[in-house]
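Trainee: Attaching a predicted model along with its sequence, questions to come.
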Amino acid sequence: MARPVSKDTPARAAVEQPPPLIVIGFVGGFVRHDDAGHQEVQLAARLRRHYPSGLEVKIFENHLGGEAHQEILRALDAGHNGMLPAAERLKARIVLYGHSWGASEAVAMARILERDSVPVSLTIQVDSVSKPGQDDKLIPANVAQAINFYQLNGLLHGRRKIVAADPLHTQILGNVQLDYKSKPINCDGYPWYARIFMKPHIEIESDPGVWDRIESLIRSKLPPAALLPAAATQGVTKQFN
């Protein structure tokens, strides 16, 4: 005889499910948050399409850190009561990424969340350029893992090294240098002045290989139940190494 299923099983299963992974991206410069010509925006759209559950993803202009902060707090408020008890804060699963000023804003957001006692799973910087008053080099101790992609050519280039404020709590996955002198990246969609004066800086932003690696890192933070069949995610399953 089959064992009867308890009536409270669905409720218990819902309670045991992990909170959604919150992914917040910041675009660089004066780029609009919905400018689909930029890889940061394309990545956000791809993640929404591939993961209809288990993930909340938003992208912001780099000067709208206050709005991003409020969005994170809203997403963490499981009780929808405007309160954020310690239990909800400590369950947070957050990834922050960005390019240029957006990368600097990602680290600044991690630092704000540290003051909120909210952990961050991963920060990702792409050719990070520090904004006035911000420190994009020192990764705060509430961040579990961090990675930095950079290049050193042209008038505008990123920070070459990030370090952990507390190496016991933060793992630096790498400071990964890219060079496009021998293998240039197509940047035809960018304004002429960007292609002339800061081409390497936008080449790294446009490099599909960089964003494949970033997407793989974000995917690694998702529970298996959030994954769609392989056919739906074909072409974005490269693992970071």
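Mentor: Alright, I've got the coordinates.
Trainee: name the helices or strands packed onto the helix ranked longest in the chain?
Mentor: For the chain, the helix reaching the highest residue count under DSSP state H is reported as helix 101-115. In this structure, helix 101-115 makes packing contacts with strand 21-27, helix 65-76, strand 94-99, strand 120-126, strand 138-139, judged by 3 or more Cβ pairs under 8 Å, 6 or more residues apart in numbering; DSSP states H and E. Using the backbone N, CA and C atoms, a C-beta is placed for each residue, glycine as well.
Trainee: 7 Å instead?
Mentor: The helices and strands touching helix 101-115, judged by 3 or more Cβ pairs under 7 Å, 6 or more residues apart in numbering; DSSP states H and E, are strand 21-27, helix 65-76, strand 94-99, strand 120-126.
Trainee: could those go into a markdown table alongside mean pLDDT?
Mentor: Putting these into a markdown table (pLDDT from 0 to 100) gives the following:
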| stretch | mean pLDDT |
| --- | --- |
| strand 21-27 | 97 |
| helix 65-76 | 95 |
| strand 94-99 | 98 |
| strand 120-126 | 98 |
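Trainee: Packed most tightly, which of the ones you listed would that be?
Mentor: Of all the helices and strands packed on helix 101-115, strand 94-99 has the most neighbours on average by mean count of other Cβ atoms under 10 Å, namely a mean of 28.
Trainee: contacts for that one?
Mentor: Contacting residues not belonging to strand 94-99 are listed as 21-28, 40, 62, 72, 105-106, 109-110, 120-127, 205, 214, 218, 221 [Cβ atoms under 7 Å, 6 or more residues apart in numbering].
Trainee: can you rerun that using 8 Å?
Mentor: For strand 94-99, contacts defined as Cβ atoms under 8 Å, 6 or more residues apart in numbering pick out 21-28, 38-40, 43, 62, 72, 103-107, 109-110, 113, 118-128, 204-205, 214, 217-218, 221.
Trainee: Then stretch 191-211?
Mentor: 28, 38-40, 42-43, 99-100, 126-127, 149-151, 153-158, 178, 180, 184-187, 190.
Trainee: Span of that stretch from start to end?
Mentor: The straight-line separation of the ends of stretch 191-211 (Cα to Cα, to the nearest Å) is 21 Å.
Trainee: Repeat that for stretch 122-141.
Mentor: Note: stretch 122-141 ends 11 Å apart using Cα to Cα.
Trainee: if we can go back for a sec, next, the angle helix 65-76 makes with the longest helix of the chain.
Mentor: Using axes from the mean of the first three to the mean of the last three Cα atoms, to 10 degrees, the interaxial angle of helix 101-115 with respect to helix 65-76 works out to 50 degrees.
Trainee: can you pull the buried residues of helix 101-115?
Mentor: Of all the residues in helix 101-115, those buried under the rule 16 or more other Cβ atoms under 10 Å are 101-111, 113-114.
Trainee: farthest pair in the residues you listed?
Mentor: Taking Cβ to Cβ as the measure, these span a maximum distance of 20.3 Å, between 101 and 114.
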